[in-house]
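> With the sequence up front, the predicted model follows.
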Amino acid sequence: MLPQCHVSPPAGELDSDTRGEDRLQLNKDYIGDDFGTLNNDVGTAQESLVEKYEGAGACYSQNGLTFLDIFNADEYAEYRKDNLFYPFASREEWEVTDYLLHSSLSMAAINEFLKLQMVCARTLTQRFNARELHSRAEMLPSRPSWKCQTIPSIQPTKSPICLFWRDPIECLESLFSNPLFHDKLDFIPCHSQFPRGATILGTVLSSDKTNVTTMTGARITHPLLLGLANIRMHTHTKLSSKAFMLMALLPIPKYLYPNQWMHGMLEDHLMHECLLIIIKPLMIAAEVGIMMSDPVGNVRHCFMPLAAYIVNTTEAAMLACVRGKTSPFTMASYLQFGDDFWHPARTRTITLAQLASITVDPNNLEAYFEACTEHQLNGVHAPFWEGFPHADPSIFLMPEALHHWHKEFYDHNLQWCLEVVGTQELDFRFSILQPITGYRHFAGGISKLKQVTGRVHHDLQHYIVGLISGVAPCRFVIAIHALMDVQYLAQCPAPNDDLLMCIDQSLLTFHENKNIIMMLGAQMGGKKLIDNWFIPKLELLQSITSSTRKVGALIQWSADATEHAHVSEIKNPTQYTNNNDYDPQICCHLDCKEKLRHFTITTTLKSHPQSCDLDGSTVDIPEEEGEEDDLDLDDEQEPFDPWTALLEEMNHMCITTNYFSKAKQLATLSHRELPYPPQTFIGGTTAIHLNYDPSHSGVKVEDISIDYNIPDLQDVLSDFLQRDARDSGVVHGVTSRRRPLTDRPPILPFDHIQVWHSVCLQQTSFHNSSIVLPAQTIHASPSGPGWPKG
């Protein structure tokens with residue numbers, strides 16, 4: 001089993017005996033290292049309770065500052081001893097303020113609301129107004145502060161170049177000490193290139209240009225997001241977890257250089273220059289480390305290598321310092337994009353050697369760009385990762401699910417299917433599919449879809465192979481099916497060597513059958529037939545297995561979470577601006593919202609002392625009766641104690657209802673205690689749950705047989721009951737074929753039955769059976785107009 005890597009190894013792959021996770025051990029880290037023996041005052045009896053692992057991160061002290069300690073060290077902490085919600089007079093006043101400042105109301109609308117007599121009488125005084133509320137919010141404990149820096153430029157620009165950014169160390173420390181992630185952090189054993197006892201905090205970056213206006217000037221921002229790789233995959237990939245912070249707004253200047261062909265090169269230069277300014281503290285921390293407190297106050301010696309950089313294809317090429325028609329991951333050029341094998345990786349050593357071989361002055365833009373043509377470089381002479389210890393573009397850049405797999409399907413696979421099957425036929429086949437709750441129903445077909453999202457890509461991929469079968473040639477179906485296998489298997493959260501071999505075999509199967517696509521004339525560019533395989537995303541699929549071996553499961557680096565963060569961190573704050581000079585207003589808005597959010601977390605924690613402290617020292621949590629015996633749920637399942645439940649509620653995370661657990665609890669009850677009919681039960685690997693009230697109750701069996709067009713209903717029910725009475729241990733599959741009827745006449749001990757039109761089905765993850773998936777609701781209705789079969 002390959003590791004679920006949260007931090008990319010500095011060089012090579014971790015040995016199999018060092019892949020075990022060093023989980024966050026609360027108040028149990030007393031491990032010695034090269035810097036001296038730690039916690040010498042700990043008694044022998046206490047040390048005997050510690051289980052030591054080779055390469056585990058050491059705890060140097062337990063006197064570090066926690067999230068609540070920072071709150072208590074605020075300049076207004078003295079006032080909060082008597083009034084926890086200072087600078088607000090009471091909890092009610094704070095809740096009203098928090099609601100108003102999070103709402104979409106304008107300043108004038110807030111003032112009108114505050115003038116209401118009921119509001120003045122119950123919470124706020126009449127002297128309060130919207131401006132005063134904002135002033136009070138500014139008095140809340142501060143978060144990582146924003147900075148504005150003017151970037152000098154040799155080439156003239158239309159306006160000064162301003163970079164808005166925050167210290168990455170402060171941002172990582174904010175994520176690392178966040179109590180919402182206190183039980184969702186993992187650590188990998190320390191690599192030999194780091195000091196003994198060091199704690200590795202993997203840095204995750206993501207950048208992508210996004211539109212902030214539509215039809216009004218086409219304003220664009222370039223956000224740079226920061227995440228912590230140690231946060232468990234099932235937590236940081238959830239859109240509601242807010243595991244990514246906006247660290248910088250990269251400038252997008254308009255250059256006045258006469259040769260417009262050089263504008264792109266100048267923008268790439270500026271991008272690397274800004275990244276170098278922003279991540280310079282991270283470079284120091286990756287080389288010498290920094291002392292930092294974890295969520296429970298344990299002081300650790302932290303190193304912060306660059307684990308991953310989540311980007312699309314264009315941004316990946318810019319970061320790798322290569323130009324278009326060149327793979328950012330390998331040495332392949334566009335003429336080799338259709339090859340059926342993986343080309344050697346484009347490592348930092350190769351790129352830096354190519355840059356060093358160019359002797360032209362970089363300030364001579366045209367000459368330097370021409371000199372870079374031989375190596376297919378984009379003209380950036382000083383990559384930001386050049387001085388970053390252990391940072392290699394061939395490692396921190398990897399295939400990404402949203403832009404490289406799902407986009408490849410829609411741009412190429414689906415278009416091939418439309419050409420081969422025919423637009424009208426494929427639209428018709430999509431339109432007559434049975435609507436399913438949770439999946440989009442394409443009543444008008446799929447050929448004219450606009451603004452297609454990643455969710456639509458998922459839904460289309462669920463149906464495509466079945467819909468083209470029987471009408472497309474066999475080899476064409478095999479080719480499409482092979483690509484679907486690659487994309488599905490590559491999303492496995494815990495890949496192993498066997499699965500990677502299956503991915504390589506599926507890729508080979510596609511290449512063995514891809515010529516049928518060309519023979520059928522399905523490879524089209526506009527209205528022109530294309531006779532080549534110069535498809536960048538097709539070449540990127542060859543890097544799936546190699547990248548997985550370096551950085552673990554690729555699905556954890558999907559851009560779904562970062563794209564959603566663009567909405568919450570950029571587009572939503574834009575609505576509160578005056579549509580002019582967006583960047584500083586976005587920063588001010590986010591600063592206010594983060595203060596409000598962290599103040600909510602802190603006051604909620606302090607208002608619930610009965611839950612427990614993060615170190616579990618305040619209260620005893622009673623153990624639940626009837627523990628699950630063989631179903632090991634992951635961290636996103638039902639909370640196990642009041643403290644975790646409180647944090648999940650504060651984080652607005654949806655808790656998956658576990659029908660498997662409920663069915664097992666029902667199985668332990670006696671017949672007198674069981675509710676009739678049973679509402680939750682397990683059939684094979686599927687949990688089935690029915691609503692408490694049926695859709696129809698007390699309906700005759702004969703009427704159901706007629707209304708639902710099931711003429712043999714009585715015979716089937718009778719046969720089922722007779723067989724079940726003879727062998728009660730038989731499990732009858734939901735999708736199994738009907739058994740042959742017996743010669744006995746149908747005998748039913750009842751005349752009326754209950755009918756449910758909807759049922760909840762729940763399964764476990766295909767890749768990891770310990771993960772319970774959200775339940776899917778299936779609706780069924782009798783025959784009617786438009787649905788003769790129901």
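Cool, got the structure.
> distance between the ends of stretch 566-578?
Distance between the two ends of stretch 566-578: 19 Å, counting by CA to CA, to the nearest Å.
> any idea of the mean pLDDT in it?
Average pLDDT, stretch 566-578: 88.
> What ranges in the stretch 601-750 of the chain fall below the confidence cut-off?
609-655, 675-677, 723-745 (pLDDT under 70).
> Show me the strands in it, by range?
680-683, 686-689, 696-700 (DSSP state E, counting those that start in this stretch).
> Could you say which one of the ones you listed comes nearest to His102?
Closest of the strands of the stretch 601-750 of the chain to His102 is strand 686-689, at 35.0 Å (criterion: CB to CB). C-beta here means a position set from N, CA and C on the backbone, and glycine is covered the same way.
> Buried residues, the closest one. List them.
Thr686, Ala687, Ile688, His689 (16 or more other CB atoms under 10 Å).
> what's the neighbour count on the closest residue to Thr764 other than its chain neighbours?
Nearest non-adjacent residue to Thr764, counting by CB to CB, 6 or more residues apart in numbering: Val772, 5.7 Å away. By other CB atoms under 10 Å, the residues close to Val772 number 23.
> Report the central residue of this structure.
Geometric centre of the chain, nearest residue: Thr237, 2.2 Å, by CA atoms, centre = their mean.
> What average pLDDT does the lengthiest strand in the chain get?
Of all the segments of type strand in the chain, defined by DSSP state E, the longest one is strand 220-228. For strand 220-228, mean pLDDT rounds to 94.
> Identify each buried residue in it, please.
Buried-residue list, strand 220-228, by 16+ other CB under 10 Å: Thr221, His222, Pro223, Leu224, Leu225, Leu226, Gly227, Leu228.
> Do I have it right that the first one meets Asp208?
No: counting by CB atoms under 8 Å, Thr221 stays clear of Asp208, with 10.0 Å between them.
> ok, now which ones touch the nearest residue to His182 once chain neighbours are set aside?
Counting by CB to CB, 6+ apart, His182 lies nearest to Pro295, which is 3.9 Å off, once chain neighbours are set aside. Contact analysis of Pro295 by CB atoms under 8 Å, 6 or more residues apart in numbering lists Leu24, Thr66, Phe67, Phe176, Ser177, Asn178, Pro179, Phe181, His182, Leu185, Leu614.
> With Arg80 instead?
Asp74, Tyr86.
> Look up how far Thr764 lies from Thr602.
Distance of Thr602 to Thr764, given as CB to CB, to the nearest Å: 37 Å.
> More neighbours: those two, which one.
Set side by side, Thr602 and Thr764 show more neighbours around Thr602, with 21 against 17, by other CB under 10 Å.
> picking that back up, pick out whichever of the buried residues of strand 686-689 sits closest to Arg131.
Nearest to Arg131 out of the buried residues of strand 686-689 is His689 (CB to CB; 51.7 Å).
> helix/strand/coil for the closest residue in space to the closest one that isn't next to it in sequence?
Nearest residue to His689, sequence neighbours excluded (CB to CB, 6+ apart): Cys760, at 4.1 Å. Under DSSP: H, G, I helix; E, B strand; the rest coil, the three-state class of Cys760 is strand.
> and Cys760, how many residues sit next to it?
The burial count for Cys760: 19, using other CB under 10 Å.
> Assess the claim that it and Pro774 are in contact.
No: taking contacts as CB under 8 Å, Cys760 lies outside contact range of Pro774: 9.7 Å.
> any idea how far Met292 lies from Lys147?
With distances taken as CB to CB, Met292 is found 21 Å from Lys147.
> swap in Ser547?
For Ser547, the distance to Lys147 - CB to CB - is 34 Å.
> cool, Gly521 as well?
Distance, Gly521 to Lys147, using CB to CB: 56 Å.
> Can you give the distance of the helix or strand following the longest strand of the chain from its chain's centre?
The helix or strand immediately downstream of strand 220-228 is helix 233-236, counting by DSSP states H and E. Mean-position distance between helix 233-236 and its chain equals 7 Å (CA atoms, centre = their mean, to the nearest Å).
> For helix 233-236, list the C-alpha coordinates in PDB.
Written as PDB, here are the backbone C-alpha positions of helix 233-236 (Å, rounded to 0.1, in the frame of the first residue of the first chain):
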ATOM      1  CA  MET A 233      -7.200  14.600   3.100                       C
ATOM      2  CA  HIS A 234     -10.900  14.000   3.900                       C
ATOM      3  CA  THR A 235     -10.900  17.300   5.900                       C
ATOM      4  CA  HIS A 236      -8.900  19.800   3.700                       C
END
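> how about the nearest residue to Ala565, chain neighbours excluded?
Excluding the flanking residues, the one nearest Ala565 by CB to CB, 6+ apart is Phe244, at 4.7 Å.
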